[in-house]
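1. need coordinates for the below:
(one chain, ligands or ions: 2)
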Amino acid sequence: MQWNSWHNHTGDGPRFSYCADAALTPEVYRRALRGGPWHAFALTEHAFAIALPDDAPWPFQWYDQPERLWAHRAFREDKTAQFLDRLGKVCDGSRIFGGLEVEVARDGSLSMEAPLWPYLDVVIGSIHHLPGPQPKWPDAFFAQLDMLLRHPIDILGHPFRELSHAGPVPDEVLDETLYRVREAGVAVEINAHMPFARDADVLARAVRLGVPIAFGLDAHHRDDLARHSYFAQIVADSGLALNDIRQFRPVRKAPKPRPLVR
Ligand SMILES: [Zn+2]
Ligand SMILES: [Zn+2]
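-> Numbers count the residues shown, from 1 in each chain. Ligands and ions are numbered 1, 2, ... in the order given. Below is the predicted model:
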């Protein structure tokens with residue numbers, strides 16, 4: 001059986017994802033595609049890492065101060081050029097795809113520059129921070145989810161990771177999230193990096209509602225590439241067969257993006 005992971009990071013060179021190990025290079029993914037359990041990967045780096053010289057203000061201060069993201073113009077322009085260079089060299093659009101993991105700030109602004117859209121195959125929208133006291137997190141969650149879904153993201157990444165820190169996530173929150181994701185034409189992720197206790201339930205409910213599924217390692221270390229075992233476990237626990245699951249496939253946003261002129 002072969003798997004796709006639509007959510008992966010690298011940590012080498014210019015550090016497009018500060019949280020990933022430096023030994024996790026594009027070459028590691030390329031090698032993993034040779035005759036193993038993997039059919040395709042998307043390299044979905046953190047959008048904020050293209051804009052900020054380090055990850056210190058992320059995401060907690062950035063959420064309330066989105067202007068921080070645009071404060072280092074020369075750095076951002078240089079790193080954007082390096083990022084586009086890597087996409088061109090590494091991503092073939094058939095087994096290695098290019099992408100970003102983005103989030104929204106309190107004002108709904110995205111952590112990614114709009115001119116990048118046509119260069120990306122896979123954009124993951126994630127909630128990494130919920131503001132305010134935990135009893136109010138469900139409201140904060142849906143407010144942030146709606147802002148995120150207003151952007152043309154492809155996948156909702158680790159949907160309940162942050163919210164679950166406030167306690168068990170009830171059925172109605174799972175289903176309401178999946179309804180909104182479906183209305184937006186977005187896939188929902190089963191994330192192997194930090195498993196959510198109800199992943200099998202999320203999978204079964206999403207399939208019942210017709211929401212496409214995106215399996216994502218959210219790889220940060222080379223060892224994470226063995227975690228396809230988690231996907232197999234969740235599919236088994238859900239009671240579904242792999243054929244029952246409509247899996248996400250990337251669709252190129254524009255066939256031939258124009259050069260980014262600055
Ligand atoms: Zn994330
Ligand atoms: Zn990630």
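
2. which residues does the closest residue to ligand 2 within the stretch 151-262 of the chain contact?
-> Scanning the stretch 151-262 of the chain for the residue nearest ligand 2 gives residue 218, at 4.4 Å (criterion: Cβ to the ion). C-beta coordinates here come from the backbone N, C-alpha and C atoms, glycine included. Counting by Cβ atoms under 8 Å, 6 or more residues apart in numbering, residue 218 touches 7-9, 157-158, 191-194, 224.

3. any idea how many residues pack against residue 185?
-> A total of 12 residues lie near residue 185 under the criterion other Cβ atoms under 10 Å.

4. so for the closest residue to residue 199 other than its chain neighbours, what's the pLDDT?
-> The shortest distance from residue 199 to any residue that is not its chain neighbour, by Cβ to Cβ, 6 or more residues apart in numbering, is 4.9 Å, and that residue is residue 234. The predicted structure scores residue 234 at 98 on the pLDDT scale.

5. my guess is residue 234 contacts residue 197. True?
-> No - taking contact to mean Cβ atoms under 8 Å, the distance of 11.2 Å between residue 234 and residue 197 leaves them out of contact.

6. which one's more surrounded, these two?
-> The neighbour count for residue 234 versus residue 197, taken as other Cβ under 10 Å, is higher for residue 234 (22 against 11).

7. so which residues make contact with whichever strand or helix holds the more buried one?
-> For residue 234, the enclosing helix or strand under DSSP states H and E is helix 228-238. By Cβ under 8 Å, 6+ apart, the list of residues contacting helix 228-238 from outside reads 1, 3, 5, 37-38, 190, 192, 195, 199-201, 203-204, 207, 215, 217, 241-242, 245.

8. which of those fall within helices?
-> Filtering these for membership in helices, criterion DSSP state H, returns 199-201, 203-204, 207.

9. any chance of a PyMOL selection covering the buried ones in these?
-> One line in PyMOL is enough to select the buried members of the ones in helices among the contacts of helix 228-238, burial here meaning 16 or more other Cβ atoms under 10 Å:
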select buried, resi 199+200+201+203+204+207
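
10. make CSV from the ones in helices among the contacts of helix 228-238 and add distance to residue 179 and pLDDT to it.
-> As requested, these are exported to CSV (distance: Cβ to Cβ, whole Å; pLDDT from 0 to 100):
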residue, distance to residue 179, pLDDT
199, 18, 98
200, 19, 98
201, 15, 98
203, 16, 98
204, 15, 98
207, 14, 98
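
11. mind giving me a markdown table with the ones in helices among the contacts of helix 228-238 and columns for distance to residue 134?
-> A markdown table is the format used below for these (distance: Cβ to Cβ, whole Å):
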| residue | distance to residue 134 |
| --- | --- |
| 199 | 22 |
| 200 | 25 |
| 201 | 22 |
| 203 | 26 |
| 204 | 27 |
| 207 | 30 |
